[in-house]
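S.K.: Return atomic coordinates for the entry below.
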Amino acid sequence: MKTNYFLLSLSVVAVFSSCKKFLTENPNNQIPSEVAIVDAGSARAAIIGAYDGVQSYYAGSYPTLGTITADQVVFNGTLSQYLQLDQNAIPADNVTTVAAYQGIYRTINSANSVIAYVPGLTDPSLPAAEKDKILGEAYFIRALGYFDLARGWGGVQLQLTPTANISGIKGVRRSTLEQTYDQVLNDLIEAERLLPEDASTRNRAQKSTARALRARLHLYRRQWRDAELYATQVIDNPKYQLVTPYKTFFTTPFQTRESVLELAYSNNDRNTFWNLWYPSSSGGQYTLKPSASFIAKVNNPAIGGTRSTLIAGTGNNVYGVLYNTVGVSTDPSYLIRIAELYLIRAEARAQQEFLNEARNDLNAVRSRAGVGNTTAVTKEQVLLAIEEENGIEFAFEAHRWFDLVRTRRAGEVLGLTNENYWLFPLPLSDVLSDPDLNGQNNPGY
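M.R.: Predicted coordinates for the structure are as follows:
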């Protein structure tokens, strides 16, 4: 387990620091959560702190794991941590995998604190509907965290209570992948029950957000009927639609009708992920670079269509521009887009032999990009066409690697035939220090 204390946002700290003498003030990052969440204001700040955790691991480490490890993005820098990911030769102390893993657990611990302490609040300024909303958001965030851990590291340790001290993390052994996904499902069911259906919000969880993640979960679990059902519920919501032209969702304005969940940043809370994509002439490190094969595909009008706007530059200096607020650093984190729900439903329908319906969903995404209808006919052809579409549509988002692993295509597509390396290693420091791991990492590490 990764964190002993609830990581408190500065706004919560401010509530308490004004009435403490300097010499007796608690450290900002080590205020036990049972002390921190005591009223409406601190509950509201606590859930914002949990969202901040999601922002943190989606502002670089996690989407890097979903891109450079596959075939659409390649290493173009000097730091070995990225070269290791690109070559799928990842040591247990790789900086990026450790940052993502530990960042997710910190986020889960923040959600655990909200789940543990908000139900007991009796502040009259916290109405029941708002309390339910805060709790629903916490359940959703915990579900997202464990889902992201499961698809990256397999079954993990399920810590469901806040770790206010070191004793709180003892005795929690690793669960299986199925047990981990069961926990994700339980949390999503509770999140959907508690959350409102908001007609405008796109940067915080609501019922349709929980349904969208549940559609993704069922897809990963090969539960095709449920994946189709929950994807349909989101697609049928008039709040969401595929926007045109394609680049609209990542230029201006942000939080378009494309977004099911999109986390925003600001000048005071920056997302510097653009820095890894842009060349030095624009102030970037140019560590993550579109692969030659992807550049050829996205520039092919019959494949990429208007998605060629994902890249800029010429010759050997082509770079990705999905994250493009150079210097300002306010790009959103794109967690769920409606295009994904169409492709989830397409895949689920194809797996159930509903090929015409699958092609219709696939063609909806292709049409938005200015690409003609698919020529795929058989089930196998349709599934490969959906895989190809996912690869182009979400090239620089946290999808490609995880898609190839869940479909068991990483060996054929990437040449990575040793399935041990389809999971990331647990952090070496955790394996060595946590007796509940028994010194065991994922196989092969």
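
S.K.: What segments of the stretch 1-150 of the chain are helices?
M.R.: Using DSSP state H, counting those that start in this stretch, the helices of the stretch 1-150 of the chain run over 10-17, 33-36, 40-57, 61-65, 80-86, 95-117, 128-153.

S.K.: which residues sit against the fifth one?
M.R.: Residues outside helix 80-86 that contact it (Cβ atoms under 8 Å, 6 or more residues apart in numbering): 64-65, 68-69, 74-75, 77, 90-91, 94-97, 287-288. Yep, even glycine has a C-beta here, placed from its N, CA and C like the rest.

S.K.: give me the low-pLDDT residue ranges for the stretch 101-250 of the chain?
M.R.: In the predicted model of the stretch 101-250 of the chain, residues 165-168 satisfy pLDDT under 70.

S.K.: quick one on the thing from earlier: okay if I get the helices of the stretch 1-150 of the chain as CSV plus distance to Thr256 and mean neighbour count?
M.R.: Below are the helices of the stretch 1-150 of the chain laid out as CSV (distance: least, Cβ to Cβ, whole Å; neighbours: other Cβ atoms under 10 Å):
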stretch, distance to Thr256, mean neighbour count
helix 10-17, 29, 16
helix 33-36, 35, 19
helix 40-57, 19, 22
helix 61-65, 19, 24
helix 80-86, 31, 19
helix 95-117, 26, 24
helix 128-153, 21, 23
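
S.K.: Please render those as JSON lines that adds distance to Leu177 to the earlier fields.
M.R.: Below are these laid out as JSON lines (distance: least, Cβ to Cβ, whole Å):
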{"stretch": "helix 10-17", "distance to Leu177": "35"}
{"stretch": "helix 33-36", "distance to Leu177": "29"}
{"stretch": "helix 40-57", "distance to Leu177": "20"}
{"stretch": "helix 61-65", "distance to Leu177": "17"}
{"stretch": "helix 80-86", "distance to Leu177": "22"}
{"stretch": "helix 95-117", "distance to Leu177": "16"}
{"stretch": "helix 128-153", "distance to Leu177": "6"}
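
S.K.: Quick check: nearest residue in space to the residue nearest the centre of the chain, chain neighbours excluded?
M.R.: Centrality entry for the chain: nearest residue to the mean C-alpha point is Leu335, 5.2 Å, by Cα atoms, centre = their mean. Once flanking residues are discounted, Leu335 sits nearest to Leu261: 4.3 Å by Cβ to Cβ, 6 or more residues apart in numbering.

S.K.: and that neighbour, which of the three is it?
M.R.: Judged by DSSP: H, G, I helix; E, B strand; the rest coil, the three-state class of Leu261 is strand.

S.K.: That one reaches Arg211, doesn't it?
M.R.: No - using Cβ atoms under 8 Å, Leu261 makes no contact with Arg211, being 11.2 Å away.

S.K.: quick revisit: give the helix, strand or coil label for the residue nearest to the centre of the chain.
M.R.: Using three-state DSSP, the structure places Leu335 in strand.

S.K.: For it, which residues are in contact?
M.R.: By Cβ under 8 Å, 6+ apart, the contact list for Leu335 reads 54, 58, 144, 260-263.

S.K.: what's the closest of the contacts of helix 80-86 to Trp422?
M.R.: Trp422 has its nearest neighbour among the contacts of helix 80-86 in Thr69, at 9.8 Å by Cβ to Cβ.

S.K.: pLDDT wise, what is that closest one at?
M.R.: pLDDT recorded at Thr69 is 98.

S.K.: which ones are touching the closest residue in space to it that isn't next to it in sequence?
M.R.: In space, and not counting its chain neighbours, Thr69 is closest to Trp401: 4.4 Å by Cβ to Cβ, 6+ apart. Trp401 sits next to 65-67, 69-70, 410 when contact means Cβ under 8 Å, 6+ apart.

S.K.: can you map out the helices along the stretch 251-400 of the chain?
M.R.: Assigned by DSSP H, counting those that start in this stretch, the stretch 251-400 of the chain shows helices spanning 292-298, 338-351, 355-368, 379-393, 400-406.

S.K.: Please work out which residues outside the fourth one touch it.
M.R.: Meaning helix 379-393. Applying Cβ under 8 Å, 6+ apart, the contact partners of helix 379-393 are 71-72, 294, 297-298, 303-304, 307, 339, 343, 346-347, 350-351, 353, 355, 358-359, 362, 365-366, 369, 374, 376, 399-400, 403, 407, 409.
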